[in-house]
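Student: With the sequence up front, the predicted model follows.
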Amino acid sequence: MLQAVSRRALCAAAALSFAAGCSGNTLTSGGSSALTPSTHVAGQAERILPGPAVSGPIVIPLVHTKSYAPLGWPDKKKKKKSVLFVADCDSGVLLFDPTKANSSPIGSITTGTDCAFGVAVDKSGNLYVANIGNNSVTVYPKGQTSPSLTITDAVSSPYSVAVDSKGNVFVSNLGNNTITAYASGQTSAYETISFSAYGQAVGIGVDGSDNVWVACDTSNGVFVIKAGSEGVTNSGLTGLAGPIGVSFGPKGVLYVSNFSTTNVAVYKSGQTSPFETITDGMSGPTQNGVTAAGAFFQTNQDTNVVGFKKGQTTLFSTLSVTSGAQIASSPLVKK
């Protein structure tokens, strides 16, 4: 009986926190009426944290399941040309070969992770992991499974992470609806930008000019923070409905996942209207990522990850994950 009461109290507190985090955020004119959080129920040994408004709170296991992938990075002798990193709340970070369809994980990183939701790679191959479970960002040198740096300053339920060409790190925080920025190798934030006036900041990405792009699901908008500035401007993108994931491919092609309409809108560099829309294999699309070869991968909330070869809208690969989120790859995309 005591356990049941404790769980109810925890869920109630989390629900209040989620509601408070979304207060003041309203849909823009013409916004989708489908912005309804999905149902999440905490079971035994689980807790609930705030999540994107359109996809609902995030359920986190108090005792994490062990990764079903081999520990560590791929064997160097195998000379993998490309590695796909998928943040998975249950299993840390899973590593895949993005060139093989329907492949199993070829490696994993679990040390220092706690419900990994964001993942990014810099030009040196260092891996950045945003841990929503313990309010941290952990940094792993290429090939290493233990973090060399941990960022906690101003980090609050981090959902997504991005790194620019100078090594500056950007984090979207669900806990206080901010974007925080950290200079390369530093653990103290040099900049904190409130998004209360724009909507709930969720997925983030960096373009070839080091501008930071931020998806806001509650306002149906994608916003831009110009490199070296704190100013926030509306990108003017059309075709958005509960946008969550944002990533860039070769030649600046932009991919934005729309949770409410279960599709991904694709934009050519400098264009505000999508030139194509991906619907195949979509089921609650959240965060995403692109490989250097131009293959696009999209996470479907609590379901799987689907992959598309460059320029294709029909999926060629489905990756098995239990609680996937952001996706990154090495080597980096030439944007």
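Tutor: Great, that's in hand. Numbers count the residues shown, from 1 in each chain.
Student: For stretch 102-110, which outside residues touch it?
Tutor: With CB atoms under 8 Å, 6 or more residues apart in numbering as the contact definition, stretch 102-110 has outside contacts at 66-74, 80, 83, 91-97, 127, 129, 140, 145, 317-320. For every residue, glycine as well, the C-beta is placed using N, CA and C.
Student: Just the buried residues of it, please?
Tutor: 103, 105, 106, 107, 108, 109, 110 (16 or more other CB atoms under 10 Å).
Student: And for stretch 176-183?
Tutor: By neighbour count on 16+ other CB under 10 Å, the buried set for stretch 176-183 is 176, 177, 178, 179, 180, 181, 182.
Student: Helices along the protein, start to end?
Tutor: Assigned by DSSP state H, the helices in the chain fall at 2-22.
Student: Low-confidence stretches in it?
Tutor: Within the chain, the segments meeting pLDDT under 70 span 1-45, 63-67, 76-80.
Student: repeat that with 80
Tutor: Low-confidence segments of the chain, defined by pLDDT under 80: 1-47, 50, 61-69, 75-81.
Student: What are the structural domain limits within it?
Tutor: Segmentation of the chain into domains, based on automatic domain parsing, reads 2-24+39-61, 76-330.
Student: taking the ones you listed together, which one is wrapped up most tightly?
Tutor: Highest mean neighbour count of the domains of the chain: domain 76-330, a mean of 21 (counted as mean count of other CB atoms under 10 Å).
Student: How far does that one sit from its chain's centre?
Tutor: The chain centroid and the centroid of domain 76-330 are separated by 4 Å under CA atoms, centre = their mean, to the nearest Å.
Student: Stretch 152-172: end-to-end distance?
Tutor: Start-to-end span of stretch 152-172 (CA to CA, to the nearest Å) is 13 Å.
Student: So that it lines up with my notes, have the first residue be 854 from now on.
Tutor: Yes, from this point I'll number from 854; that puts the last item at stretch 1005-1025.
Student: got the contact list for residue 1148?
Tutor: 951, 952, 1160, 1161, 1162, 1163.
Student: now it: how far from residue 1171?
Tutor: Going from residue 1148 to residue 1171 by CB to CB, to the nearest Å gives 13 Å.
Student: what is in contact with these two at once?
Tutor: Here residue 1148 and residue 1171 have residue 1160 as joint contacts, going by CB under 8 Å, 6+ apart.
Student: Residue 1174 contacts residue 1152, correct?
Tutor: Yes: with contact defined as CB atoms under 8 Å, residue 1174 counts as touching residue 1152 (7.4 Å).
Student: what sits in contact with each of the two?
Tutor: Common contacts of residue 1174 and residue 1152 (CB under 8 Å, 6+ apart): 939, 1158.
Student: Pull the most distant pair out of the buried residues of stretch 1029-1036.
Tutor: Maximum pairwise distance among these (CB to CB): 17.9 Å, between 1030 and 1035.
Student: pretty sure residue 1033 is in contact with residue 1044, am I right?
Tutor: Yes: counting by CB under 8 Å, residue 1044 is a contact partner of residue 1033 at 7.0 Å.
Student: Any idea how far apart the tips of stretch 1060-1070 sit?
Tutor: 20 Å.
Student: hmm, back to that, closest to residue 987 out of the contacts of residue 1148?
Tutor: Looking across those and measuring by CB to CB, the closest to residue 987 is residue 951, at 28.6 Å.
Student: Excluding covalently adjacent residues, which one is nearest to the closest one?
Tutor: residue 937 (4.1 Å; CB to CB, 6 or more residues apart in numbering).
Student: That concludes my questions; thank you for your assistance.
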